[in-house]
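Undergrad: only geometry, no sequence info:
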């Protein structure tokens, strides 16, 4: 296994030597060709100027959103710690724990955000709420807001030769954090209100974040963890980049931090690991919209990442390895 470890060490070293340790900011919107260059390199970038003229950027605030969404219900993720879809120890065994999801009126959800904003110095509540349904919710529960946003991004449509699979609205506050994870999408993340803080790691650093298979559980309406027997999630990072890991591989990782401000768009390439914090704006709201474009599984990129993960699995430093997914997750 030593030769495999040396090869992975060399791969990480070469990648870090040839690629930025920061995320550049580029005036936008980009041309389709310019954007395609970033996709081809699988490199994140922040674009400014893309959202100019969007109704969402010009009009969305507490009052406007309440008026537009009057009478509408939304799905809200509820957790005791603001830790939806994260690793939690249950009786000494680490589980992938999903949030409890409740349908409630949009006005009630906004009341919750306002009350937290007015009393932000207090201890965080026992239940933390985040609108994060991730199912193309702009065309569903947030459909009345669709006229304030483009249905797709023209430069990305042209570069990728298709429209987005999903457009999602995210609304919450600084109580919520998205644990380190990756997505099989080319993600264009558009900040409308407040600010997001990302920690990014490249797809080649999977060995550094110790992907594992975890049993699945969910929070119930009382904030207790309920195990879902027979269910598991594969290839999920076990390392929190804010804590790190005592193994040798975390020391070879190069996390990249980036702040995304109101009116900016982050291109987050497919399969990049990301942990996300958020900071609310003046009215206690952090709001973003993201466009998920299906990644291209053809060509060498996906196969190369899978090969690196298989090599990582075989390294002795992973203490026996972890089950890796063997299918293309379309």
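TA: The structure has been received and is ready for your questions. Computed from a predicted model, the values in this text were never measured in an experiment.
Undergrad: and the strands in the stretch 201-330 of the chain?
TA: Remark: strands assigned in the stretch 201-330 of the chain by DSSP state E, counting those that start in this stretch are 211-219, 225-237, 256-260, 264-268, 273-279, 286-294.
Undergrad: what about the closest residue to residue 55 other than its chain neighbours, distance to residue 261?
TA: Using C-beta to C-beta, 6 or more residues apart in numbering and skipping the chain neighbours, the partner closest in space to residue 55 is residue 148 (3.4 Å). Every residue, glycine included, has its C-beta placed from N, CA and C. Per C-beta to C-beta, to the nearest Å, residue 148 is found 19 Å from residue 261.
Undergrad: neighbour count for those two, which is higher?
TA: Neighbour count, other C-beta atoms under 10 Å: between residue 148 and residue 261, residue 148 has more, with 20 against 13.
Undergrad: and that one, what is it in contact with?
TA: If you count contacts by C-beta atoms under 8 Å, 6 or more residues apart in numbering, residue 148 has them with 54, 55, 56, 59, 60.
Undergrad: now that we have the residues you listed, which of them are buried?
TA: 54, 56, 60 (16 or more other C-beta atoms under 10 Å).
Undergrad: residues contacting the second one?
TA: When contacts are counted by C-beta under 8 Å, 6+ apart, residue 56 touches 145, 148, 149, 192, 289.
Undergrad: how about the first one?
TA: Each residue near residue 54 by C-beta under 8 Å, 6+ apart is listed here: 148, 149, 150.
Undergrad: try residue 261
TA: Contacts of residue 261 (C-beta under 8 Å, 6+ apart): 191, 195.
Undergrad: at 6 Å what do you get?
TA: Contact analysis of residue 261 by C-beta atoms under 6 Å, 6 or more residues apart in numbering lists residue 195.
Undergrad: tell me the centre residue of the chain?
TA: residue 274 (5.7 Å; C-alpha atoms, centre = their mean).
Undergrad: and the strands in the stretch 1-150 of the chain?
TA: Under DSSP E, counting those that start in this stretch, the stretch 1-150 of the chain gives strands at 25-27, 45-48, 73-79, 86-90, 93-98, 100-105, 128-130.
Undergrad: can you say which of those is nearest to residue 217?
TA: strand 93-98 (4.3 Å; C-beta to C-beta).
Undergrad: got the buried residues for that closest one?
TA: 95, 96, 97, 98.
Undergrad: what residues does the third one make contact with?
TA: Read that as residue 97. Shown in contact with residue 97 (C-beta under 6 Å, 6+ apart): 88, 217, 225.
Undergrad: and the first one, by the same measure?
TA: With contacts taken as C-beta under 6 Å, 6+ apart, residue 95 has the following neighbours: 88, 214, 215, 217.
Undergrad: ok, now with 10 Å
TA: Residues near residue 95 by C-beta atoms under 10 Å, 6 or more residues apart in numbering: 86-89, 214-218, 225, 227-228, 231-233.
Undergrad: how many other residues sit next to residue 2?
TA: Neighbour tally, residue 2, other C-beta under 10 Å: 8.
Undergrad: coming back round to it: now, the most widely separated pair of the contacts of residue 95?
TA: Most distant of the contacts of residue 95, by C-beta to C-beta, are 89 and 231, 17.3 Å apart.
Undergrad: from the chain's centre, how far out does stretch 80-100 sit?
TA: 17 Å (C-alpha atoms, centre = their mean, to the nearest Å).
Undergrad: just checking, what packs against the helix of greatest length in the chain?
TA: Ranked by number of residues, the top helix in the chain under DSSP state H is helix 2-18. Applying 3 or more C-beta pairs under 10 Å, 6 or more residues apart in numbering; DSSP states H and E, one finds that helix 2-18 contacts helix 300-314.
Undergrad: list the buried residues of the helix it packs on.
TA: 301, 302, 305, 306, 308, 309, 311, 312, 313.
Undergrad: with distance to residue 115 and pLDDT as extra columns, can I get the residues you listed in JSON lines?
TA: Formatted as JSON lines, the buried residues of helix 300-314 follow (distance: C-beta to C-beta, whole Å; pLDDT from 0 to 100):
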{"residue": "301", "distance to residue 115": "46", "pLDDT": "95"}
{"residue": "302", "distance to residue 115": "45", "pLDDT": "96"}
{"residue": "305", "distance to residue 115": "44", "pLDDT": "95"}
{"residue": "306", "distance to residue 115": "46", "pLDDT": "94"}
{"residue": "308", "distance to residue 115": "46", "pLDDT": "92"}
{"residue": "309", "distance to residue 115": "44", "pLDDT": "90"}
{"residue": "311", "distance to residue 115": "50", "pLDDT": "90"}
{"residue": "312", "distance to residue 115": "45", "pLDDT": "88"}
{"residue": "313", "distance to residue 115": "47", "pLDDT": "84"}
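Undergrad: thanks a lot, see you next time.
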